[in-house]
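1. the following comprises the amino acid sequence and a computationally predicted model.
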Amino acid sequence: MALRVHNITFDCRDAMAQARFWAELLGWHVFFDDDPEVLLAPRFPHEGPGLLFIPVPEDKVVKNRVHLDLEPETGTRDEAVDRAVALGATVVGDFRTPEGGGWVTLADPEGNELCIERSTAERGTGPQAYRIST
């Protein structure tokens, strides 16, 4: 029996503030009601995986074991990094190479890690290998 990803959930102190940060970063929509949780989705909820922000009393204290790798749909990696920082992210690791490759690791306003990679246009059309397992 196969499963599909319904939501990726973030524990956080301020669910609405986190959702608004990620909504600005991704260009997604915020959905909420009387529940303390806040959903972020690219379109109407449940038309694909969303990001779910759930308030918890404790702060984040260790490195995430899972994080999102983001790729600009338009513009460059460096422009996307600058935009994320302007929205409230902080750079925690810069792994860009002199040749133009690499990525930047950032933390959102509550410390959750994310990486911004080069766009498809920046990577070019060179050969890419994919391993598919079933």
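-> Ah, there it is.
2. how about Ile8: what's its closest non-neighbour residue?
-> Leu51 (5.4 Å; Cβ to Cβ, 6 or more residues apart in numbering). Glycine gets a C-beta too; all of them are placed from N, C-alpha and C.
3. just the C-alphas of the helix-or-strand element of the chain with minimal mean pLDDT, formatted as CSV.
-> Every helix and strand of the chain was ranked by mean pLDDT, DSSP states H and E. The lowest is helix 120-123, at a mean of 91. Extracted in CSV, the C-alpha atoms of helix 120-123 (Å, rounded to 0.1, in the frame of the first residue of the first chain):
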residue,chain,number,x,y,z
THR,A,120,17.7,24.9,-13.3
ALA,A,121,18.9,27.7,-15.6
GLU,A,122,22.0,28.2,-13.5
ARG,A,123,22.8,24.5,-13.6
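4. mind listing the helices for the protein?
-> 15-26, 77-87, 120-123 (DSSP state H).
5. pipe the ones you listed into TSV and attach mean neighbour count and distance to Leu68 per row.
-> Below are the helices of the chain laid out as TSV (neighbours: other Cβ atoms under 10 Å; distance: least, Cβ to Cβ, whole Å):
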stretch	mean neighbour count	distance to Leu68
helix 15-26	19	9
helix 77-87	17	12
helix 120-123	13	17
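6. can you flag the weakest of these by average pLDDT?
-> Among the helices of the chain, helix 120-123 has the lowest mean pLDDT, at a mean of 91.
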